[in-house]
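Asks: Only the shape, not the letters, is given here:
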């Protein structure tokens, strides 16, 4: 397995772990006031979510749209699988000596059907939009201006994600419609702040990794591995 392949598996693993954890920890809420300017009151489930967009942008840049789409689909399958496991774990009866009661377990890990559906629809819509806008800007700028395709794709996709999930939750009467505007603004602003923070990380990842593994137009194998093969002693060129 090449370094390029190993890195792809690591990035895919980080993406899936971040995505699945969103649906497991979302029940807790916290408040945060950066620099005393604005107070966010949001679920801890939103914390890992920006990582998924950073990872898909890195994969899009280094591996291409097809690989990014594959990771998004894999994330959906993993999320559905974990949701089914949680449903089974919630349904089975507890023992008399279980340190965690069924009621406590259901309160923490219990899944709301409409909420899960809304989350999945918003996830797919936002991730696919993010990937396609990323490559639109990359093609338009001929591979220049990393910041533009990173933030340009994230702004639109995060607005779609936040708006879609809230629209569905309000439609299913999980959340009251009068809270729609405030939650939309709150969630979108937080995700935009995260997007600004992850831009240097995106630049650093591309700067460090591209010379070592190439990009979506590179041949199979890493730059280093191809060089090693060319310089290996005792091996003659097929054209000699």
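Replies: Sure thing, it's come through. None of these values were measured; they are calculated from a predicted model.
Asks: give the contact list for the residue sitting nearest the centre point of the chain.
Replies: The centroid of the chain falls nearest to residue 52 when counting by C-alpha atoms, centre = their mean (1.5 Å). Residues near residue 52 by C-beta atoms under 8 Å, 6 or more residues apart in numbering: 15, 18-19, 75, 127. In short, each C-beta sits where N, CA and C put it, glycine included.
Asks: Break down this structure into its helices, ranges please.
Replies: Using DSSP state H, the helices of the chain run over 3-25, 49-63, 65-91, 102-109, 113-140, 146-171, 180-213, 223-231.
Asks: what's the angle from the fifth one to helix 180-213?
Replies: Read that as helix 113-140. 50 degrees (axes from the mean of the first three to the mean of the last three C-alpha atoms, to 10 degrees).
Asks: other SSEs contacting helix 113-140?
Replies: Packing partners of helix 113-140 (3 or more C-beta pairs under 8 Å, 6 or more residues apart in numbering; DSSP states H and E): helix 3-25, helix 49-63, helix 65-91, helix 146-171.
Asks: Figure out how far that helix is from the centre of its chain.
Replies: Chain-centre distance of helix 113-140: 10 Å, with C-alpha atoms, centre = their mean, to the nearest Å.
Asks: Contacts for stretch 152-162 next, please.
Replies: So stretch 152-162 is contacted by 53, 57, 122-123, 125-127, 129-131, 133-134, 137, 183-184, 187-188, 191-192, 195 (C-beta under 8 Å, 6+ apart).
Asks: repeat for stretch 54-65
Replies: Taking C-beta under 8 Å, 6+ apart as the rule, stretch 54-65 contacts 8, 11-12, 14-15, 18, 67-68, 71-72, 127, 130-132, 134-135, 138, 146, 149-150, 153-154, 198, 201-202, 205-206, 209-210, 213-216.
Asks: Just the buried subset of these, written out for ChimeraX, thanks.
Replies: Selection of the buried residues among the contacts of stretch 54-65 in ChimeraX, burial being defined by 16 or more other C-beta atoms under 10 Å:
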select :8,11,12,14,15,18,67,68,71,72,127,130,131,132,134,135,138,146,149,150,153,154,198,202,205,206,209,213,214,216
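Asks: Chain neighbours aside, what residue packs nearest to residue 100?
Replies: residue 94 (7.5 Å; C-beta to C-beta, 6 or more residues apart in numbering).
Asks: From residue 83, how far out is the one you found?
Replies: To residue 83, residue 94 is 20 Å away according to C-beta to C-beta, to the nearest Å.
Asks: Between these two, which is the more surrounded one?
Replies: Comparing residue 94 with residue 83 by other C-beta atoms under 10 Å, the one with more neighbours is residue 83, at 18 against 13.
Asks: Could you list the low-pLDDT ranges of the chain?
Replies: 111-112, 219-240 (pLDDT under 70).
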